[in-house]
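1. Provided below are the primary sequence and the corresponding predicted coordinates.
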Amino acid sequence: MGEGKGEGKKGATGGVSGETIWMDGEFLPWADATVHVLTHTLHYGLGVFEGIRCYKGADGRSAVFRLPEHVRRLYESAHINLLEIPFERDVVHEAILETLRRNGLEEGYVRPLVFIGDGAMGLHPGDNKIRVSIVAWPWGSYLGEDGMKRGIRAKVSTFSRHHVNAKMTNGKTCGDYVNSILAKREALLDGFDEAIMLDTQGLVSEASGENVFVVRDGAVHTPPLYSVLDGITRATVIELARERDIPVVERQLTRDDLYIADEIFLTGTAAEVTPIRELDHRRIGAGKRGPVAEALQAAFFDLVAGKDSKHQAWLSFL
């Protein structure tokens, strides 16, 4: 994993991050990338973001995974929330790559953020400036290397996922993630690694920050998009499964569908492909990573390492 130039600053995960942040069209030293305490998004939560990963490939080159799709979703999230990003898409695309280069990161996580600046207060932000920042830092397995191999322990959360008309599920909106934080903190306080969330009808939605997949009798099942984020890793894994003749069915799932599953796994930019070995004190399948999750993990990591020539177009090289 690459290191930033100089000592660096402590990043969001406790590791050392780079020293340069892109903000509003220019690169700033870490300490200078600040906002006013009256920043509107800080008070009311209206902003949008993306989580993006860069991987070092088997040939030594570094590439960002599905960058155009992430940038597109950032702009779509902003459009959903009536936020006009003051930069063209190609500017943000290149700024993401350059942020990684300037911080000397061969691998890492990238966080573009679109937020409303200071000025007017109250629910209507008036003409407050729409601001954009891009930060990158090193980040390993979100749910732990051991969890990737053995599977994690999860619980069904007491918090429901947003109703589709209360939280528009195609957007990654900052304030909506309070719901995820509450579920995640509850799960950790109860001794679990992650939370599975049901929608307001009691059907399986998604985890606090990941899409959910269930394996039953050789087929992969996942909730339909109306109640979940259209995850980029989700779409990738669906395509990889179908290429390997693994049937994929998008359908409504109940809580007990999870309990009797042969396998459960989660997907997301941070979580990548992470199996669940136990849910609500019930062993899932054999109580370890199953063969379908293992095969899709291998396919995914081959892809991001540049070993899958069929999907080279999904990699944006630094």
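-> Nice, I can see it.

2. Now the residue at the greatest distance from the centre of the chain, what are its backbone angles?
-> In terms of distance from the mean C-alpha position of the chain, Ala120 ranks first, at 31.1 Å (Cα atoms, centre = their mean). The phi and psi torsions at Ala120 (degrees, to the nearest 10) take the values phi -70, psi 140.

3. Let me know whether it touches Tyr44 as I believe.
-> No. Taking Cβ atoms under 8 Å as the definition, Ala120 is not a contact partner of Tyr44, at 11.1 Å. For the C-beta atoms, the positions are set from N, CA and C on the backbone; glycine is no exception.

4. hang on, the earlier thing: once you drop chain neighbours, what's closest to the residue farthest from the centre of the chain?
-> Computed as Cβ to Cβ, 6 or more residues apart in numbering, the closest residue to Ala120 that is not its neighbour in sequence is Gly126, at 3.5 Å.

5. Distance-wise, check the one you found relative to His40.
-> According to Cβ to Cβ, to the nearest Å, Gly126 stands 9 Å off from His40.

6. Same drill for the two, tell me which one is more crowded.
-> Counting neighbours by other Cβ atoms under 10 Å for Gly126 and for His40 shows that His40 has the greater number, 27 against 10.

7. got the contact list for the more buried one?
-> Shown in contact with His40 (Cβ atoms under 8 Å, 6 or more residues apart in numbering): Leu46, Phe115, Ile116, Gly117, Asp118, Gly119, Ala120, Met121, Pro125, Asn128.

8. Go again with 10 Å.
-> 46-47, 115-126, 128-131 (Cβ atoms under 10 Å, 6 or more residues apart in numbering).

9. Please report phi then psi for it.
-> Per degrees, to the nearest 10, the residue geometry at His40, taken as phi and psi, is phi -60, psi -40.

10. and it, how far is that from His162?
-> The separation that His40 has from His162, given Cβ to Cβ, amounts to 21 Å.

11. Ala293: how many residues sit nearby?
-> The burial count assigned to Ala293 is 27, neighbours taken as other Cβ under 10 Å.

12. Tell me the helices and strands packed up against the helix or strand it falls within.
-> Here Ala293 is covered by helix 291-304, with elements defined by DSSP states H and E. In this structure, helix 291-304 makes packing contacts with strand 52-56, strand 62-65, helix 145-150, strand 211-216, strand 219-222, helix 232-243, strand 263-268, strand 272-279, judged by 3 or more Cβ pairs under 10 Å, 6 or more residues apart in numbering; DSSP states H and E.

13. worst average pLDDT in these?
-> Averaged per stretch, pLDDT over the helices and strands packed on helix 291-304 is lowest on helix 145-150, reaching a mean of 86.

14. Show the subsequent helix or strand relative to that helix.
-> Remark: after helix 145-150, the chain's next helix or strand is strand 152-156, criterion DSSP H and E.

15. quick check: angle from the next helix or strand after that next one to strand 152-156?
-> Toward the C-terminal end, the helix or strand that comes next after strand 152-156 (DSSP H and E) is helix 178-189. With axes from the mean of the first three to the mean of the last three Cα atoms, to 10 degrees as the basis, helix 178-189 and strand 152-156 are set at 120 degrees to each other.

16. Give the next helix or strand downstream of helix 178-189.
-> Using DSSP H and E, the helix or strand that directly follows helix 178-189 along the chain is strand 194-198.

17. That following strand pairs with which strands, and in what direction?
-> Strands that pair with strand 194-198, judged by DSSP bridges, come out as strand 152-156 (parallel), strand 204-207 (antiparallel).

18. where does Ile284 fall, phi/psi-wise?
-> When quoted as degrees, to the nearest 10, the phi and psi of Ile284 stand at phi -100, psi 120.

19. do the one 4 residues further on as well
-> Lys288 adopts backbone torsions of phi -160, psi 180, taken as degrees, to the nearest 10.

20. For it, give me its contacts.
-> Taking Cβ under 10 Å, 6+ apart as the definition of contact, the neighbours of Lys288 are Lys149, Arg150, Gly151, Glu263, Pro275, Arg277, Glu278, Glu294.

21. Model confidence score at Leu74, please.
-> Model confidence at Leu74, given as pLDDT, is 98.

22. which residue sits closest to it in space, ignoring its chain neighbours?
-> Nearest non-adjacent residue to Leu74, counting by Cβ to Cβ, 6+ apart: Glu50, 4.7 Å away.

23. Counting neighbours, what do you get for that neighbour?
-> Residues near Glu50, counting by other Cβ under 10 Å, number 24.

24. so it sits right up against His93, yeah?
-> No. With contact defined as Cβ atoms under 10 Å, Glu50 does not reach His93; the gap is 11.5 Å.

25. list the residues that contact both of those two?
-> Common neighbours of Glu50 and His93 (criterion: Cβ under 10 Å, 6+ apart): Leu67, His70, Val71, Arg72, Leu74, Pro112.

26. residues contacting the residue nearest to Ala120?
-> By Cβ under 10 Å, 6+ apart, the contact list for Gly126 reads His40, Ile116, Gly119, Ala120.

27. Tell me the predicted confidence for it.
-> Reported pLDDT at Gly126 in the predicted model: 93.
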